[in-house]
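*Asks:* pasting the sequence and the predicted model now:
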Amino acid sequence: MDDHRKHGRELTAQEEFESTRLLAEGYSDTTPVATRYKDIVPAPAQPTVGNAVPFAQHGRPPMSQKTTDHATLVIVYTWGALPVGGAVSLVLWQLSSVSPMQLTFAGLGAAGVVIAIGAAARMIGRAFRDGASALPDHTVNQYTGTVYVQHTELHTNTRGFGRTNNQITDGQQ
């Protein structure tokens, strides 16, 4: 049998004795079977012989903690999407007996509700803006002494859903 101790560092007397004892126990028929052994030799951070880098073992590849967490979340979300996909499949299977005209009306009805809610939100927002602009802009300031007044206005213009344009002026237009 080839002696593999020439690869790596030299063992201390205690480590040599422990390794010999463990090998003798492993090949003995009278020794009870151990469930685990504690390795007393600290594992080196890099290979002790040569300049070869460690290679990936079986299982998940080595990566940062953030990447590992992200991969775990992707796996969890994938498993979480299975019930949703199953429910959608069941609904579509049940809808296979429905006529195409009923499916068309159901789809247009849902789109109509969304369009109606959007239009109502725009009209309510426009009513609030018109009401606020109709209020009188009456400001009375009384000062004694030399006063410098700087007036700044913010004009906001919103079009569609979320397209907002803000313009700051000095009040002189």
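*Replies:* That came through, no problem. Not measured: the values here are computed from a predicted model. Numbering: from 1, shown residues only.
*Asks:* mind checking the backbone torsions on residue 99?
*Replies:* phi -70, psi 150 (degrees, to the nearest 10).
*Asks:* that one - how many residues pack around it?
*Replies:* Other residues within reach of residue 99, judged by other C-beta atoms under 10 Å, total 8. From N, CA and C alone the C-beta is placed, and that goes for glycine too.
*Asks:* what sits up against stretch 129-142?
*Replies:* Here stretch 129-142 makes contact (C-beta atoms under 8 Å, 6 or more residues apart in numbering) with residue 149.
*Asks:* can you list the strands that the lowest-mean-pLDDT helix or strand in the chain pairs with?
*Replies:* Using mean pLDDT, DSSP states H and E, the weakest-scoring helix or strand in the chain turns out to be strand 163-169, at a mean of 72. When pairs are called by DSSP bridges, strand 163-169 turns out to pair with strand 153-159 (antiparallel).
*Asks:* now the strand it pairs with, how far from the centre of its chain.
*Replies:* For strand 153-159, the distance from its own C-alpha centre to the chain's C-alpha centre is 34 Å (C-alpha atoms, centre = their mean, to the nearest Å).
*Asks:* how about the helices in the protein?
*Replies:* Ranges of helices in the chain, per DSSP state H, are 13-27, 65-95, 100-134.
*Asks:* Serialize these to a markdown table and add fields for mean pLDDT.
*Replies:* Putting the helices of the chain into a markdown table (pLDDT from 0 to 100) gives the following:
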| stretch | mean pLDDT |
| --- | --- |
| helix 13-27 | 87 |
| helix 65-95 | 83 |
| helix 100-134 | 82 |
